[in-house]
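In: Model the following, please.
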Amino acid sequence: MSERPEKVTRKDLENSFLALQRDLTGVSEERKSLLVAGGVASGLVALLAAYLFGRRKGRRSRSRVER
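Out: So this is what the prediction gives:
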């Protein structure tokens, strides 16, 4: 009627887990470089925005000398 299933050995499980770990490590390395690049880019944009808004506020609060 039904066949007996094959037994899963410790070596089979170890091989499966090692393959899964290698796949996940590769994906995380790819994502890590993308996250670092995104972080640097957003930091530069924030720094530029702070500089520009600070300059604008400085122009408004400067007093004018009458001649």
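
In: Mind checking the pLDDT average for stretch 7-25?
Out: Taken as a whole, stretch 7-25 has an average pLDDT of 88.

In: same check, this time on stretch 29-44
Out: 90.

In: Tell me how many other residues crowd residue 35.
Out: For residue 35, the neighbour count with other CB atoms under 10 Å is 11. (Glycine included, C-beta is placed from N, CA and C.)

In: Now it: which helix or strand?
Out: Counting by DSSP states H and E, the secondary-structure element that holds residue 35 is helix 10-61.

In: before we move on, what about residue 5?
Out: With DSSP H and E as the criterion, residue 5 is inside neither a helix nor a strand.

In: how close does it get to residue 14?
Out: 19 Å (CB to CB, to the nearest Å).

In: Which one's more surrounded, the two?
Out: Taking neighbours as other CB under 10 Å, residue 5 and residue 14 compare with residue 14 leading, 10 against 6.

In: Quick check: that one vs residue 8, distance?
Out: Residue 14 sits 11 Å away from residue 8, taking CB to CB as the criterion.

In: Could you do residue 15 as well?
Out: Computed with CB to CB, the distance linking residue 15 and residue 8 is 11 Å.

In: Then residue 40?
Out: 46 Å.

In: Also residue 21?
Out: 18 Å.

In: and if you look at residue 38?
Out: Counting by CB to CB, the gap from residue 38 to residue 8 is 42 Å.

In: repeat for residue 50
Out: Using CB to CB, one obtains 58 Å as the distance from residue 50 to residue 8.

In: repeat for residue 53
Out: Separation of residue 53 from residue 8 (CB to CB) stands at 62 Å.

In: Then residue 22?
Out: If you measure residue 22 against residue 8 using CB to CB, the figure is 20 Å.

In: do residue 19 as well
Out: The spacing between residue 19 and residue 8, counted by CB to CB, is 15 Å.

In: same question, residue 27
Out: In this view, residue 27 and residue 8 are 26 Å apart by CB to CB.

In: can you check residue 52 too?
Out: In this view, residue 52 and residue 8 are 63 Å apart by CB to CB.
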